[in-house]
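Colleague: Task: produce atomic coordinates for the following.
(one chain, ligands or ions: 2)
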Amino acid sequence: MAASSNSSLSGSSVSSDAEEYQPPIWKSYLYQLQQEAPRPKRITCPREVENRPKYYGREFHGIISREQADELLGGVEGAYILRESQRQPGCYTLALRFGNQTLNYRLFYDGKHFVGEKRFESIHDLVTDGLITLYIETKASEYISKMTTNPIYEHIGYATLLREKVSRRLSRTKNESRKASVTSEEATQVEKITSLVRRAALTQNDNHFNYEKAHNFKVHTFRGPHWCEYCANFMWGLIAQGVRCSDCGLNVHKQCSKYVPNDCQPDLKRIKRVYCCDLTTLVKAHNTQRPMVVDLCIREIEARGLKSEGLYRVSGFTEHIEDVKMAFDRDGDRADISASIYPDINIIAGALKLYFRDLPIPVITYDTYSKFIEASKISNPDERLEAIHEVLMLLPAAHYETLRYLMIHLKKLAVYQGEGPASAATNYRVTLHEKENFMNAENLGIVFGPTLMRPPEDSTLATLNDMRYQKLIVQILIENEDVLF
Ligand SMILES: [Zn+2]
Ligand SMILES: [Zn+2]
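Modeller: Ligands and ions are numbered 1, 2, ... in the order given. So this is what the prediction gives:
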């Protein structure tokens, strides 16, 4: 579904009929229910209660029976008290009136109050949220189970009308003069664009490389009313009302997050670093085909380092490599890694290797790791190559592209060694520079094997056992031109 509607959006068939645009219709039913939900009514204890825990207030009535609690609540919706268990002293119970009955919940405290997953600063908040949740889930259970069936997420209208404004905003974000150049009138317009609109337009206009990327949802507490950008319904409750994608800022219900397609377009403002950032996240945030670190380092090395003895094997000064890393994290693709600052090419080579090692998921992913190792163990060279080729197809597209690009570069070193035009490269198959840099495919395999792949479990033994296979895989990728293309 998602893919087909996306592709229909991206074509030139998109009309610019602003008149057809319908403003987003946020569904307010659940919001109204939250407003209607019973409010907490704290029933305080008139006497001083001995042994009252510090973190409870006058709503604590000490050791009393269920019947006494019932009586105190007086059948008032939302009324609540806390009591200590008669049978298990030290255990505390919330007695709460809801739906004409008294509900009892065992209470816990670990610096915050909680019954289930959500943690609250105060008992009052816990009860408020509990009443909202009980009320909405009682009144609207059927509605909630069906609310994801007609999502507004893929609504075509959002992308069309505001397309131009949004892309203007995007271009400003890119050259970082946004704040300076936005007039107050424009700023108001920009504010009016909901994040949903922003997302729809991003999917359409700004994603040239179309790598799939899953959202990075984390439970989130929203201040003030918020609506789900998938189903358009209100996100109810006092805290932890839904989830937010840390990479693009998409806000949805927890239950809706399961239906959102893998179309995350990370927001550069949310991506703080270049190193240690997920590879696909980085390339989508910067809208590049590959991580720009890879392109910039390789360009620099090809310009001035191909003949350097022990290239990629000799290490540069760690502090200087860290310096390059900081420059990329700070300046992005404007980082200066030229010879005037880093005359030693091993620093650039080291920074590239460090980039690969710092990836949270290696270029050869954890998911495919053991398949690569198994493939490399096949003794028949043709079958082995075929098996490796098949596993390569399982890599995420941005990982595959990065690997492909790196291997072209290494091939130049190890096989072509060419300085001439690409068409003449085969003439340099005799490893001309290999005599100078002493780096053949096998040596490069030793260096890049463990850099590009790590076993999913951090086991020293597995790593040691696998080392020769890691080396072999890289060597095969370098030596066999067809396997990656
Ligand atoms: Zn996202
Ligand atoms: Zn939703």
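
Colleague: Please make it C-alpha for all contacts and neighbour counts, starting now.
Modeller: Noted.

Colleague: so Ser145 sits in a helix?
Modeller: Yes - if the criterion is DSSP: H, G, I helix; E, B strand; the rest coil, then Ser145 is within a helix.

Colleague: Tell me the spacing between Met326 and Leu73.
Modeller: 62 Å (CA to CA, to the nearest Å).

Colleague: Compare these two (neighbour count), which wins?
Modeller: Under the criterion of other CA atoms under 10 Å, the comparison of Met326 against Leu73 puts Leu73 first, with 21 against 16.

Colleague: which residues touch the more buried one?
Modeller: Counting by CA atoms under 8 Å, 6 or more residues apart in numbering, Leu73 makes contact with 43, 79-81, 96-97.

Colleague: Would you format those residues as a markdown table with distance to Thr365 included?
Modeller: As requested, the contacts of Leu73 are exported to a markdown table (distance: CA to CA, whole Å):
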| residue | distance to Thr365 |
| --- | --- |
| Ile43 | 57 |
| Ala79 | 54 |
| Tyr80 | 52 |
| Ile81 | 53 |
| Leu96 | 51 |
| Arg97 | 53 |
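
Colleague: Filter those down to just the ones in strands.
Modeller: Among these, the members falling in strands (DSSP state E) are 79-81, 96-97.

Colleague: From the residues you listed, pick the one nearest Gly249.
Modeller: Leu96 (36.3 Å; CA to CA).

Colleague: Now whichever residue of the stretch 101-250 of the chain sits closest to ligand 2: phi and psi?
Modeller: In the stretch 101-250 of the chain, the residue that lies nearest ligand 2 is Cys231 (4.1 Å; CA to the ion). Dihedral pair for Cys231: phi -100, psi -10, per degrees, to the nearest 10.

Colleague: re the thing from before, top of the contacts of Leu73 by neighbour count?
Modeller: Tyr80 (30 neighbours).

Colleague: circling back to that earlier point, tell me the two of the ones in strands among the contacts of Leu73 that are most distant?
Modeller: Pairwise over those, using CA to CA, the maximum falls at Ile81 and Arg97, 9.5 Å.

Colleague: from the ones in strands among the contacts of Leu73, which is closest to ligand 1?
Modeller: Nearest to ligand 1 among the ones in strands among the contacts of Leu73, with distances taken as CA to the ion, is Leu96, at 38.7 Å.

Colleague: Quick one: residues contacting the closest one.
Modeller: Leu96 makes contact with 73, 78-81, 102-104 under the criterion CA under 8 Å, 6+ apart.

Colleague: Columns pLDDT and distance to Leu472 on top of these, output as JSON lines?
Modeller: Formatted as JSON lines, these follow (pLDDT from 0 to 100; distance: CA to CA, whole Å):
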{"residue": "Leu73", "pLDDT": "96", "distance to Leu472": "74"}
{"residue": "Gly78", "pLDDT": "97", "distance to Leu472": "68"}
{"residue": "Ala79", "pLDDT": "97", "distance to Leu472": "70"}
{"residue": "Tyr80", "pLDDT": "98", "distance to Leu472": "68"}
{"residue": "Ile81", "pLDDT": "97", "distance to Leu472": "69"}
{"residue": "Thr102", "pLDDT": "96", "distance to Leu472": "68"}
{"residue": "Leu103", "pLDDT": "96", "distance to Leu472": "65"}
{"residue": "Asn104", "pLDDT": "95", "distance to Leu472": "63"}
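
Colleague: could you dump those residues to JSON lines with distance to ligand 1?
Modeller: What follows is the contacts of Leu96, written out as JSON lines (distance: CA to the ion, whole Å):
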{"residue": "Leu73", "distance to ligand 1": "46"}
{"residue": "Gly78", "distance to ligand 1": "38"}
{"residue": "Ala79", "distance to ligand 1": "41"}
{"residue": "Tyr80", "distance to ligand 1": "40"}
{"residue": "Ile81", "distance to ligand 1": "42"}
{"residue": "Thr102", "distance to ligand 1": "42"}
{"residue": "Leu103", "distance to ligand 1": "39"}
{"residue": "Asn104", "distance to ligand 1": "39"}
